[in-house]
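Participant: Next come a sequence and a model predicted from it.
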Protein chains: 2
Amino acid sequence: MNVNKVMVLGADGYLGWPLMMHLAKKYGREVVGVDDLSRRKRVMDRGSDSGLSISSPHERVETFNRELEDKAVPIRMVIMDLRNTQQVDELLREEKPDVIVHFGEIPSAPYSMRSVYTAIENHDVNVNGTLNVLWAMKKHCPECHLIKLGTMGEYGTPGVTISEDYVKSINGEKVDPKAKMLFPRDAGSFYHQTKVHDTHNIRFACKIWGLRSTDIMQGVVYGTRTEETHLDERLKTRFDFDSEWGTAVNRFVVQAILGIPLTVYGEGGQTRGYLNIRDTMQCICRIIDHPPKAGEYRTINQFTQVKSINEIAGIVVEQAQKLGIAASIKRISNPRIEAERHRYPVQQHRLEDYGFKPSYKMEDVIKEMIEDLLPYKEILEAHKDSVMPVTTWK
Amino acid sequence: MNVNKVMVLGADGYLGWPLMMHLAKKYGREVVGVDDLSRRKRVMDRGSDSGLSISSPHERVETFNRELEDKAVPIRMVIMDLRNTQQVDELLREEKPDVIVHFGEIPSAPYSMRSVYTAIENHDVNVNGTLNVLWAMKKHCPECHLIKLGTMGEYGTPGVTISEDYVKSINGEKVDPKAKMLFPRDAGSFYHQTKVHDTHNIRFACKIWGLRSTDIMQGVVYGTRTEETHLDERLKTRFDFDSEWGTAVNRFVVQAILGIPLTVYGEGGQTRGYLNIRDTMQCICRIIDHPPKAGEYRTINQFTQVKSINEIAGIVVEQAQKLGIAASIKRISNPRIEAERHRYPVQQHRLEDYGFKPSYKMEDVIKEMIEDLLPYKEILEAHKDSVMPVTTWK
């Protein structure tokens, strides 16, 4: 399978933007991005902003294309809402990409739990947006490889080994491999549920239409730098730290910088998979280079380390101290409903099969994050209230 | 739990309408129905009509309330689209039912596979409609028992025993019962996928909000009569026989009456659970009388017999012959993608636990269906083209 053109959905986002640059500059591929810029809007709506100030889509693209110096096809950015069925259809009819990397979804658990309106908006954008992509792929580019961003959160914390392979036996009965039984899902927010729904819909589309897809169950991504984001001040990727759009790692880093205690939700035994942003870029490239067969749907559990929230907070405190910042930890009542102490055995082998090798230590990347954010202390200070949770699961 | 008021969503439909009457007349409960009348419209849009001519919602309700003779609270019918968040919220704020029986969804696999537009419409009506109900229940009647119509089709045909209980072991590891691991789903159309999505969303709502729900994985329902539908000519329930809205049983019965060969899709080994419409009424009543605890989500595999399509066709031919009608069977190429020969072990115990006892033989109910439909041969004849499939899964 010859990959010439890659389409990135959600190309203005935290992962989408650096991936655009990485694919164009390092791999010399033609890259077209699609985004409706809703993340910028939704973060501001929450009373916050990207901690690293970012350029407009136009300025980003122009700056990066100058960096490319005619060594690759200039990247392009299309502003489009994936809920628009006809526009998605026309886009794929025109572009016919070889690979679609689909990051174009709402990724916030608290946002989805805010109200019935945001829960439904989350379903519309994620589930219906992906349906539009699937139907348009079937019609215009059925050979295309869909790399879809799911989340490790789809599984919940069942206490038994989470596998990226199909179920081999259930209740003591052997399952025929041809049945391709999915490992059961138990998502912890309406956002996470939308990813479960996508998983079922995509797998079904592969089965009946012969589409091919790699569905990534991704751990929490952290970090502020990739090979390309620091080529020019205007190429940075966004950094969210408010309670709706920021991860716990990001919130901790900002709290350390601002001299606020790091707020751990509940007991802090919540354990998840993590990987840094440079490794994410590497993972996607490996997956592109190892496409599934026509009709194949496969799952990848994508993370490099498993850590509890207490461990993450500890690392942030330690790295802040190395930079002369005294940070402390404070437990607050958990706004979410989730297990705060649990086993978390997870199995993965595919990324290694495709030649992926983890790079950088978590400690070093977190130190780098603090260093990168220190010059933007004013922005962080101006939005520091947004770090505290407002939405509870009850 | 004292059940005074029951709300039936989808109250103008094949099952919703007879259930309204059954609950009011036999059980003396206050019953309020909700429907947007979209089924009537969608069947006509397909170029077909109900095989048994049915009255308007207004005439049905008036006629039935006269039958009640002041022995129970008159039934009411509210015309409303469940996609309307604000209206659903206001409805539950006003009514605060003790039980909601939720039949208010689009139930057609071929309709959902027709185009991207109908696939998304199916997701909006079913998934978002149910989200509206869940959020409004949480706000206005958190004690209410939600009886939701899912389908046995959620499971697909995995070849291992389908269980209504949580998974006990997976890949050789014992699952903690507290993890409440769902039996994996593998639905065969976008319609069936929406039911899988509902299942995940409802289970999650029970877990976090303490709602209670019985999620019925229902087999195929057949039959034209309940205790109440034949009290008056104007109280009949609808009967769909076109390729989008009718079941195979219904299509076979109509083909027999019209002297057209019964069209079996493919090999005819497709095996499913079945139950007659009177038993469905009984099941719902048993479930109402045995509510789950607060926060409990439970699954019921609801059917009384397991049959292959070849067996069903055989019974229709046999019963038609008893009424002097010569019928034959013709295999046609399968418009769907599905296993046409498979094991189908299914486990169920809950209905029996609640005192349910199957009534009537399938053979007798199918004979009754033919008898009930014979007087309407003209309607069937006028829409006979609609029996043949137009939508294929490819």
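Facilitator: Cool, got the structure.
Participant: For beta bridges, what are the partners of A:Gln218?
Facilitator: Beta bridges link A:Gln218 to A:Thr151, A:Gln302, judged by DSSP bridges.
Participant: That one and chain B, how far apart?
Facilitator: 19 Å (Cβ to the nearest Cβ, to the nearest Å). Where C-beta positions appear, they are placed from N, C-alpha and C, glycine not excepted.
Participant: and if you look at A:Leu211?
Facilitator: 12 Å.
Participant: for A:Asn334, same thing?
Facilitator: Applying Cβ to the nearest Cβ to A:Asn334 and chain B gives a distance of 12 Å.
Participant: Look up the closest residue to that residue, ignoring the ones flanking it.
Facilitator: Distances taken as Cβ to Cβ, 6 or more residues apart in numbering or on different chains place A:Gly266 nearest to A:Asn334, at 3.5 Å, with adjacent residues excluded.
Participant: contacting residues for A:Ala339?
Facilitator: The neighbours of A:Ala339, taking Cβ atoms under 8 Å, 6 or more residues apart in numbering or on different chains as the test, are A:157, A:269-270.
Participant: Highest neighbour count among the residues you listed?
Facilitator: For the contacts of A:Ala339, counting by other Cβ atoms under 10 Å in any protein chain shown, the largest number of neighbours falls to A:Gln270: 24 neighbours.
Participant: What does the pLDDT read for it?
Facilitator: Note for A:Gln270: predicted pLDDT of 96.
Participant: doesn't A:Ile309 make contact with it?
Facilitator: Yes: counting by Cβ atoms under 8 Å, A:Gln270 touches A:Ile309, with 4.9 Å between them.
Participant: Could you list every helix and strand in contact with the lengthiest helix in chain A?
Facilitator: Counting residues, the longest helix found in chain A (DSSP state H) is helix A:190-209. With contacts defined as 3 or more Cβ pairs under 8 Å, 6 or more residues apart in numbering or on different chains; DSSP states H and E, helix A:190-209 has these neighbours: helix A:109-112, helix A:116-123, helix A:129-140, strand A:145-151, strand A:212-218, strand A:297-302, helix B:190-209.
Participant: Which among those is found nearest to B:Arg350?
Facilitator: Checking the helices and strands packed on helix A:190-209 against B:Arg350 by Cβ to Cβ gives helix B:190-209 as the closest, at 15.7 Å.
Participant: what mean pLDDT does that closest one have?
Facilitator: Per-residue scores along helix B:190-209 average to 98.
Participant: okay, the angle between it and helix A:116-123?
Facilitator: Put simply, helix B:190-209 runs at 140 degrees to helix A:116-123, going by axes from the mean of the first three to the mean of the last three Cα atoms, to 10 degrees.
Participant: Show me which positions of helix B:190-209 end up buried.
Facilitator: B:190-209 (16 or more other Cβ atoms under 10 Å in any protein chain shown).
Participant: Over to stretch A:24-42?
Facilitator: Applying 16+ other Cβ under 10 Å to stretch A:24-42 flags A:24-25, A:29-36, A:38-40, A:42 as buried.
Participant: ok, and which of those reach chain B?
Facilitator: Among the buried residues of stretch A:24-42, no residue is within reach of chain B (Cβ under 8 Å from any Cβ of the partner chain).
Participant: Identify those among these that sit within helices.
Facilitator: A:24-25, A:38-40, A:42.
Participant: Could you export the helices and strands packed on helix A:190-209 as TSV, including distance to B:Ala72?
Facilitator: TSV is the format used below for the helices and strands packed on helix A:190-209 (distance: least, Cβ to Cβ, whole Å):
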stretch	distance to B:Ala72
helix A:109-112	42
helix A:116-123	33
helix A:129-140	44
strand A:145-151	50
strand A:212-218	52
strand A:297-302	52
helix B:190-209	30
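Participant: Which one of these lies nearest to A:Arg60?
Facilitator: Here strand A:145-151 is closest among the helices and strands packed on helix A:190-209 (Cβ to Cβ), at 20.6 Å.
Participant: starting at the chain centroid, how far to the helix or strand where A:Glu62 lies?
Facilitator: Secondary structure assignment for A:Glu62, by DSSP states H and E: helix A:57-68. Chain-centre distance of helix A:57-68: 23 Å, with Cα atoms, centre = their mean, to the nearest Å.
Participant: in it, what's buried?
Facilitator: For helix A:57-68, a neighbour-count test (16+ other Cβ under 10 Å) marks A:57, A:60-61, A:64-65, A:67 as buried.
Participant: and what of stretch A:72-80?
Facilitator: A:72-73, A:75-78, A:80.
Participant: low-scoring stretches of the stretch 51-200 of chain A, by residue?
Facilitator: Residue ranges of the stretch 51-200 of chain A with pLDDT under 70: none are present.
Participant: For chain B, tell me which of the buried residues of helix A:57-68 show up nearby.
Facilitator: Applying Cβ under 8 Å from any Cβ to the buried residues of helix A:57-68, none is adjacent to chain B.
Participant: re the thing from before, dump the helix holding A:Glu62 to PDB, keeping only the CA atoms.
Facilitator: This file holds the C-alpha atoms of helix A:57-68, laid out as PDB (Å, rounded to 0.1, in the frame of the first residue of the first chain):
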ATOM      1  CA  PRO A  57      -4.300  28.200  11.600                       C
ATOM      2  CA  HIS A  58      -3.300  30.500   8.600                       C
ATOM      3  CA  GLU A  59      -0.100  31.700  10.300                       C
ATOM      4  CA  ARG A  60       0.800  28.200  11.400                       C
ATOM      5  CA  VAL A  61       0.400  26.800   7.900                       C
ATOM      6  CA  GLU A  62       2.300  29.600   6.200                       C
ATOM      7  CA  THR A  63       5.200  29.500   8.700                       C
ATOM      8  CA  PHE A  64       5.500  25.800   8.400                       C
ATOM      9  CA  ASN A  65       5.400  25.800   4.700                       C
ATOM     10  CA  ARG A  66       8.300  28.300   4.600                       C
ATOM     11  CA  GLU A  67      10.200  25.800   6.900                       C
ATOM     12  CA  LEU A  68       9.600  23.100   4.400                       C
END
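Participant: I'd like to know which elements that helix is packed against.
Facilitator: Short answer (3+ Cβ pairs under 8 Å, 6+ apart): helix A:57-68 packs on helix A:16-25, strand A:76-79.
Participant: List the contacts of the helix or strand containing A:Val8.
Facilitator: Per DSSP H and E, A:Val8 falls inside strand A:5-9. Residues outside strand A:5-9 that contact it (Cβ under 8 Å, 6+ apart): A:16, A:19-20, A:23, A:29-35, A:82, A:95-104, A:133, A:288.
Participant: What subset of those residues is buried?
Facilitator: A:16, A:19-20, A:23, A:29-35, A:82, A:95, A:97-104, A:133, A:288.
Participant: In strands only, show me those.
Facilitator: Judged by DSSP state E, these include A:30-35, A:99-102 as members of strands.
Participant: tell me the SS of A:Trp245?
Facilitator: coil (DSSP: H, G, I helix; E, B strand; the rest coil).
Participant: Just the pLDDT for the spatially closest residue to it that is not a sequence neighbour.
Facilitator: When the adjacent residues along the chain are set aside, A:Trp245 lies closest to A:Val43, with 5.1 Å between them (Cβ to Cβ, 6+ apart). At A:Val43, the pLDDT value in this model is 97.
Participant: What is the neighbour count of A:Val43?
Facilitator: Count around A:Val43 with other Cβ under 10 Å applied: 22.
Participant: And it, how close does it get to A:Glu121?
Facilitator: For A:Val43, the distance to A:Glu121 equals 15 Å [Cβ to Cβ, to the nearest Å].
Participant: residue contacts, A:Val78?
Facilitator: Contacts of A:Val78 (Cβ under 8 Å, 6+ apart): A:32-35, A:91.
Participant: picking up where we left off before, what does the pLDDT read for the residue nearest to A:Asn334?
Facilitator: Predicted confidence (pLDDT) for A:Gly266: 96.
Participant: Same check on A:Met1?
Facilitator: So A:Met1 comes in at 66 (pLDDT).
Participant: And the one 10 residues further on, by the same measure?
Facilitator: Per-residue pLDDT puts A:Ala11 at 98.
Participant: same thing with the one 3 residues further on?
Facilitator: According to the prediction, A:Tyr14 has pLDDT 98.
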